[in-house]
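1. Quick one, structure for this:
(2 chains)
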Amino acid sequence: MNRYPIWKYAILVIALVVGIVYTLPNLFGEAPAVQVSSGKVTIKLDPSMAGQVEGILTKAGLKADFVQYDGNSVKARFADLDAQRKAKDALGAALNPDANDPTYIVALNLLSRSPKWLTALHALPMYLGLDLRGGVHFLMQVDMKSALTKKADSTAGDVRTLLRDKNVRHTGITRDANAVVVRFRDRDTLVAARAILLDQLTDFDWAQSLDGADFKLTGALKPDAAKRVQIAAITQNITTLHNRVNELGVAEPVIQQQGADRVVVQLPGVQDTAKAKDIIGRTATLEMRLVDDSAEARAAATGAGPVPFGTERYVERGGAPLIVKRQVLLTGENLTDAQPGFDGQSQEPAVHLTVDARGARIMRDTSRENIGKRMAILLFEKGKGEVVTAPVIRGELGNRFQISGRMNTAEAADTALLLRAGSLAAPMEIIEERTIGPSLGAENIDKGIQSVIYGFCAIAAFMCAYYLLFGVISTLSLAFNLLLLVAVLSMLQATLTLPGIAAVALALGMAIDANVLINERVREELRGGASPQAAINTGYERAFATILDSNVTTLIAGLALLAFGSGPVRGFAIVHCLGIITSMFSAVMFSRGLVNLWYGRQKRLKAVSIGQVWKPDATSATVPAKT
Amino acid sequence: MEFFRIRRDIPFMRHALVFNVISLVTFLAAVFFLATRGLHFSIEFTGGNVVETAYAQPADIAKIRTTVEAMNLGDVLVQNFGSSRDVMIRVPVRGDLKQDKLVASVFDALCKAEGGTVQTKDGPAEQGQSASRQVCATPAGVEPVRFSRSEFVGPQVGKELAQDGGLALLFVVLGIAAYLALRFEWKFSVAAIVANLHDIVIIMGFFAFFQWEFSLSVLAAVLAVLGYSVNESVVIFDRIRETFRRFRKLNTHEVIDHAITSTISRTIITHGSTQMMVLSMLLFGGQTLHYFAIALTIGILFGIYSSVFVAAAIAMWLGVKRDDLVKSKGSEHDPNDPNAGAVV
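-> As a prediction, the model looks like this:
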């Protein structure tokens, strides 16, 4: 009766192996590394960069453990801090000839020392939260109201232009909160205007009313249009944040949307909050200007002559210089949208731009007079400008036009992104901020691990002394529990925080309950006179229902914390819930498996090593006074 | 080794009235302290700024307080935090100040008071990770004060965290009540919830009395304790149900006595083991986990009392009978049948 079928042992062995494999990466520690990422929005890294980096390192006489390209940066791991420092200097000197205008950002980083075969299995060390790594955490709120106000403002401008073009007279256009109010002198003009506006500005609902002597037309944003504005605002801001954070050269930053209008930014390793906030809060501006292609300009581009009067020199993507006129045609404020797509006729990748009414008028005038000439779109950050793209004007442009040619789909997407980055939709405000020094982070890890280990040892000692062999089995199943818990956390890459480590300790302390229940029950059965094999069987069976009930209630508490918690408390809740599940598995199945392995086969089992089974002199204590 | 050499059932329920009176008194005392002193909430609930610094020498709290008060930030709290060298400065929420710039200015002021200036240091930290940090250095090259941690919580976020905390508590209570009503019977459900909520109020009463800082971690500990406490009650109720079935001649009073007596060994050993782990956290876990561990300790100790004695007594007073448990679950097996029960 105390026999487990082979397949159950197979499950246990598989769980054990998986547990060990996925826990191993955590034991290897971390090695210093250098990370190279792009410093300019117009430059993207590709796999050939890894070869370049390796070449620079070999020339400097440095040997890296490995150099690899992973999506958008190149990482190189070294054996010690000294090599890391030298590598950073060498790479910085070789890749950034002008220190004030770095093309590439070389940052310090820590990479896990675990061997390649583990990483290939996706066995990564646990993802440490900020309170264990040190760094900065910001919670930023997007000012949605101002996004809507901006939209209302630009619509007011559009209305003015539209009505003027169609020669409809009005007596005033104002913005009232998020609505646009247009006044007219008589009903007919109002009706005509309403028809025009309904036709052109489809995002708005136009309601007419009477206000004293004036006829009023009030435009309010339709609810789903308002929602679209808000979603666009926050997505826009997140993209901009990504670009900004890249510039800080932070390894593994976290930028996530939280709720409808909040963004979480986590920067491990950074404690200089002032600098971080400065960079994150900056805005980029977009400008559209004509390219000067006169003879003097062409000479200046090759470096043969000076830059002609009224123009400036910029660098295109790919490094070619471009002479651009100083006069600004349009700015980012006029650009309402930029989306990647395909050219209507030639099906090649293109970027579709939408400008507002004022922008459309300017584009129309400029393009009509400059067909065949190039128009440059510049992105200004930190006061320095870069040419995002400089297409040729092929025809008269309106408020929607496209840029195509000489780009693939990826480049079209990038260009659209850059163009949108130039127009920050709504301002952001920091509503929560946490900074943790690196030494405190390391201290926290130490303390957490120490408390888990000492607590475990204390419990193990007691269990072995009190329950002898069954105590040893209980301790083994507790260790198995810990192993599984760490493995699952590593597999899920769940964030481990200090409360999370506390949850590990608590989970172990609670897990022992199941084992105590079982052991006490077996003792009780033995005391009652049952045979050892029967005692083991009954003990486990009776205890199971109780273990299930009690774990469910603890799980309810864990789930509530998971649902309503945030930040470090969430880390606690995740570990708490996982701990309950692993403890059920290990306490019931693993310990039974071990017991069955040890005692199951012995047909004439006389006694089990469970410590003293005290029997009172008279009948057993479980027989009550009355019968 | 057997610590629990009990010859016959201990007549606990004879003293049911005394147990409940004691628990009522402690409950009222806790409520009194909560009402009069109130909980000392951390900034996570109230909003505000906290700056933690570590001094090279034992810190002069009075001097630090004067320095910070001179900045006219309102009602600031300056105290030691853990060791004599760690100092925590807490600034409340103020509508007119730019809260997020506060940390930098406070650190700056503290640094100047020690005769140093704040510089930005870019470069590898101990193990080679990138760290760009503010370092306070005197002209002699010494670092008198070091920045450990800072936290700024806007008032809106603080309010939300408080609300979420309250909702979590409500959810746990309702969830557990529903589960217990399903698994046992409504009288047990009510008894368990009342007994264990009383636990929570007592923990909060302690925090109110000693004015210990009540943070989100402490709330998490309180909820974990609630789950754990109910655990206890479940084990006892399970035994009560089994005893009703097994010993059909006993009345309710005796059944409960028997159930508690049989499980007392398991109760004390489990609580002892969990307490060993929590003690390890108290001793080695450092300041951040300190109040968390204290909340757990109080919960574990009072948990034994409330779950074992109070829950069962209340169930008895609510009039629980054999019929409530034994006939309601038709699919339950006869415990004397050796082939019954869950096979693992």
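
2. so how far is residue A:103 from residue A:275?
-> 20 Å (C-beta to C-beta, to the nearest Å). For glycine as for every other residue, the C-beta is placed from the backbone atoms N, C-alpha and C.

3. Helices along the stretch 51-200 of chain B, start to end?
-> Under the criterion DSSP state H, counting those that start in this stretch, the stretch 51-200 of chain B contains helices at B:61-69, B:99-113, B:155-183, B:186-210.

4. Equivalent analysis for the stretch 201-344 of chain B, please.
-> B:216-246, B:252-284, B:290-304, B:311-317, B:322-326.

5. Counting neighbours, which bits of the third one end up buried?
-> Buried positions in helix B:290-304, judged by neighbour count with 16 or more other C-beta atoms under 10 Å in any protein chain shown: B:290-300, B:302-304.

6. how about those residues, which pair is most distant?
-> B:290 and B:304 (22.7 Å; C-beta to C-beta).

7. picking up where we left off before, out of the helices of the stretch 201-344 of chain B, which is the most enclosed?
-> helix B:216-246 (a mean of 26; mean count of other C-beta atoms under 10 Å in any protein chain shown).

8. related to what we said a few turns ago, I'd like the buried residues of helix B:290-304 as JSON lines, with distance to residue A:496 and pLDDT appended.
-> Converted to JSON lines, those look like this (distance: C-beta to C-beta, whole Å; pLDDT from 0 to 100):
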{"residue": "B:290", "distance to residue A:496": "20", "pLDDT": "88"}
{"residue": "B:291", "distance to residue A:496": "21", "pLDDT": "89"}
{"residue": "B:292", "distance to residue A:496": "16", "pLDDT": "90"}
{"residue": "B:293", "distance to residue A:496": "18", "pLDDT": "91"}
{"residue": "B:294", "distance to residue A:496": "23", "pLDDT": "92"}
{"residue": "B:295", "distance to residue A:496": "21", "pLDDT": "92"}
{"residue": "B:296", "distance to residue A:496": "19", "pLDDT": "91"}
{"residue": "B:297", "distance to residue A:496": "24", "pLDDT": "92"}
{"residue": "B:298", "distance to residue A:496": "26", "pLDDT": "90"}
{"residue": "B:299", "distance to residue A:496": "24", "pLDDT": "89"}
{"residue": "B:300", "distance to residue A:496": "24", "pLDDT": "88"}
{"residue": "B:302", "distance to residue A:496": "30", "pLDDT": "85"}
{"residue": "B:303", "distance to residue A:496": "27", "pLDDT": "83"}
{"residue": "B:304", "distance to residue A:496": "31", "pLDDT": "82"}
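
9. Nearest to chain A, out of these: which one, please.
-> residue B:292 (6.0 Å; C-beta to the nearest C-beta).

10. show me what contacts the closest one?
-> A:499, A:502, B:217-218, B:220-221, B:281, B:285 (C-beta atoms under 8 Å, 6 or more residues apart in numbering or on different chains).

11. Could you chop the chain up by domain?
-> With no chain named, the answer covers chain A. A:6-22+A:437-599, A:31-113, A:135-249, A:285-421 (automatic domain parsing).

12. was after chain B, sorry
-> B:12-41+B:157-326, B:48-153.

13. Please work out which of those domains is packed deepest.
-> Of these, domain B:12-41+B:157-326 is the most buried (mean count of other C-beta under 10 Å), at a mean of 20.

14. Centre of the chain to that one, how far?
-> 12 Å (C-alpha atoms, centre = their mean, to the nearest Å).

15. wait, what's in contact with residue B:42?
-> Applying C-beta under 8 Å, 6+ apart, the residues near residue B:42 are B:213-216.

16. do you know how far it is from residue A:394?
-> Taking C-beta to C-beta, one finds residue B:42 at 63 Å from residue A:394.
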